[in-house]
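[1] Pasting a predicted model and its sequence here:
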Amino acid sequence: MSGLETAIRNALARSERANAEVRARIYQSARHALEAGLRKQEINDPETMAAQRHRLEATIREIETEERARLAAAESAVRAEPVAEARAEPALRAERAEPTLEGERRDDAGRPAGGTGDIGAIRPERADGFSAGGAAAAGPASGKASGGPADIRPERVAKARRRRGRLFSFLLVVATLIAAFGALAWWVQTSGLLADLRGDADDSIPPARVSGEDFSGDDPVKKALDTQNRFTADWRAVFSPGDMDKLSAGAAGRFEQVGTGEGPAARITSTDPDRDGAVRIEVSPEVLGELGGKNSTVALTVQSANGKPVQVTVECDFSTMGGCGRHRFTVSERTDILFQVTFDRSLSPSEPGHLLLNSDIAGGNASVYLYGVRILPGE
């Protein structure tokens, strides 16, 4: 389910997430993907299917709540911008009007005291610039004759700047929407989402993907699993939940047979990150004999017991054939972890070997469910 949640969040990040219809289509696509995954994994248990659907719906509700909260915060920020501009405009008017008033006072102070004709000329000019009645008394002619700073309208300049700012914001929004639509179209085209919606997706390809340090984008192990259509008769069964006698534990490890929503399983718990905490899985000499001189694939079907990601390791102890190194994987939902092994053809063992599974190398005593172990001999 964490894979579907990640896919939903990535789709929202590349789409017009503010549009409720776009989000609804993404959620519906996730539902289709879940149903396709259940069919491909041949899960027919009604309780298991209902539990998976319920978890997906809970994830969708959580994501939708986050999206609505994000939209509400964005709308509040947009409504706050006009208020800030309105408060700034009176301050701009006062700042531009003040130099004109000081200039006129200096003119008053510099004129001769005995010139009555000059005083009469000054009074209409001051009235034009700073009183409501002065403009009506002087008329249009006085305004033209003055030619002074009183004719300047600071508010008109401020409004023009505001219009240019709004135009720039509008163009920025349009460009962002175009880029978002382009990214969404590209994602839909390359992700195969349209094929899933039409119902013509290739059912031969399993939905599971392994996440771990042992794999790259073109890893041949994943290709081997895909071409084999999950687990065919070519895979040799090494362990199933009914073969508990094939398990043994170190001093700091334990195992038990349990029932889960995915079916019966062996619960593996390691209290030490080293080999003492590992549970040993027996591999028969017949299966080991088929691995000599070949690139073979080992697959373990596991799931985190508490649903949280946990790091597990797998090692080989194949008698005279030797080991295969330590392979580390991160596990949460039920998945198949795979790795390849290569051994010398001449070293055919006469006694069983073992796979060593440690359920938590972080030392947190976490447990995993083991549903099966299989080996695909190479050619």
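    Looks like it arrived, so ask away.
[2] low pLDDT regions in the stretch 201-350 of the chain?
    Within the stretch 201-350 of the chain, the ranges that satisfy pLDDT under 70 run 201-230, 344-348.
[3] Tell me where it has helices.
    Along the stretch 201-350 of the chain, counting by DSSP state H, counting those that start in this stretch, helices occupy 220-227, 285-289.
[4] Bridged to Ala237, which residues?
    Taking DSSP bridges, one obtains Arg374 as the residues bridged to Ala237.
[5] Same check on His327?
    Per DSSP bridges, the residues bridged to His327 are Val314.
[6] so what does whichever strand or helix holds Leu38 touch, helix or strand wise?
    If you go by DSSP states H and E, Leu38 is part of helix 20-40. Using 3 or more Cβ pairs under 8 Å, 6 or more residues apart in numbering; DSSP states H and E, the elements in contact with helix 20-40 are helix 2-13, helix 46-110, helix 193-198. C-beta coordinates here come from the backbone N, C-alpha and C atoms, glycine included.
[7] The first one: which residues count as buried?
    Going back to what we said before, that points to helix 2-13. Neighbour-count burial for helix 2-13 flags 3-5, 7-9, 11-12 (criterion: 16 or more other Cβ atoms under 10 Å).
[8] Identify all contacting residues around that helix.
    For helix 2-13, contacts defined as Cβ atoms under 8 Å, 6 or more residues apart in numbering pick out 23, 26-27, 29-30, 33-34, 56, 59-60, 63, 67, 187, 209, 309, 332-333.
[9] Now the buried members of those.
    23, 26-27, 29-30, 33-34, 56, 59-60, 63, 67, 332-333.
[10] Quick check: the farthest pair among those residues?
    Spanning the widest gap among those are Arg23 and Ser332, at 24.7 Å by Cβ to Cβ.
[11] quick revisit: would you convert the buried ones among the contacts of helix 2-13 into JSON lines that also reports distance to Asp245?
    Formatted as JSON lines, those follow (distance: Cβ to Cβ, whole Å):
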{"residue": "Arg23", "distance to Asp245": "52"}
{"residue": "Ile26", "distance to Asp245": "48"}
{"residue": "Tyr27", "distance to Asp245": "46"}
{"residue": "Ser29", "distance to Asp245": "45"}
{"residue": "Ala30", "distance to Asp245": "42"}
{"residue": "Ala33", "distance to Asp245": "39"}
{"residue": "Leu34", "distance to Asp245": "36"}
{"residue": "Leu56", "distance to Asp245": "38"}
{"residue": "Thr59", "distance to Asp245": "39"}
{"residue": "Ile60", "distance to Asp245": "44"}
{"residue": "Ile63", "distance to Asp245": "45"}
{"residue": "Glu67", "distance to Asp245": "52"}
{"residue": "Ser332", "distance to Asp245": "29"}
{"residue": "Glu333", "distance to Asp245": "28"}
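[12] now, which of these sits nearest Thr301?
    Glu333 (11.4 Å).
[13] per the record, what domains does this protein have?
    1-110+153-205, 220-376 (automatic domain parsing).
[14] right, so these: which one is the most enclosed?
    Stretch with highest mean neighbour count among the domains of the chain: domain 220-376 (a mean of 18; mean count of other Cβ atoms under 10 Å).
[15] what's the lowest-pLDDT member of the buried residues of helix 2-13?
    In terms of pLDDT, the lowest of the buried residues of helix 2-13 is Gly3, showing 83.
[16] how close does it get to Pro309?
    Distance of Gly3 to Pro309, computed by Cβ to Cβ, to the nearest Å: 12 Å.
[17] any common contacting residues for these two?
    In contact with both Gly3 and Pro309: no residue, using Cβ under 8 Å, 6+ apart.
[18] was I right about Pro241 contacting Arg267?
    No. Proximity of Pro241 to Arg267 does not meet the contact threshold set by Cβ atoms under 8 Å, at 10.0 Å.
[19] list the residues that contact both of these two?
    Shared contacts of Pro241 and Arg267, counting by Cβ under 8 Å, 6+ apart, come down to 257, 370.
[20] on that earlier part again, for the buried residues of helix 2-13, work out which two are farthest apart.
    Counting by Cβ to Cβ, the most remote pair of the buried residues of helix 2-13 is Gly3 and Leu12, 15.3 Å apart.
[21] Strands of the stretch 201-350 of the chain, residue ranges please.
    236-239, 247-249, 253-260, 263-270, 279-283, 295-304, 310-317, 326-331, 335-342 (DSSP state E, counting those that start in this stretch).
[22] Distance of Glu62 relative to Arg68?
    For Glu62 relative to Arg68 (Cβ to Cβ), the value is 11 Å.
[23] looking at the helices and strands packed on helix 20-40, which has the lowest confidence?
    Among the helices and strands packed on helix 20-40, helix 193-198 scores lowest, at a mean of 60.
[24] returning to that earlier point: go through the buried ones among the contacts of helix 2-13 and name the one nearest Asp234.
    For the buried ones among the contacts of helix 2-13, the nearest to Asp234 is Glu333 (25.7 Å; Cβ to Cβ).
[25] does the closest one really touch Thr301, like I thought?
    No. Look at Glu333 against Thr301 with Cβ under 8 Å: they stay out of range, at 11.4 Å.
[26] for Ser367, phi and psi?
    phi -120, psi 160 (degrees, to the nearest 10).
[27] One more: Thr190?
    phi -90, psi -20.
[28] Could you number the chain from 367 rather than 1 from now on?
    Shifting the count to begin at 367 puts that one at Thr556.
[29] thought Phe621 was touching Thr635?
    Yes. Between Phe621 and Thr635 there is a contact under Cβ under 8 Å: 7.3 Å.
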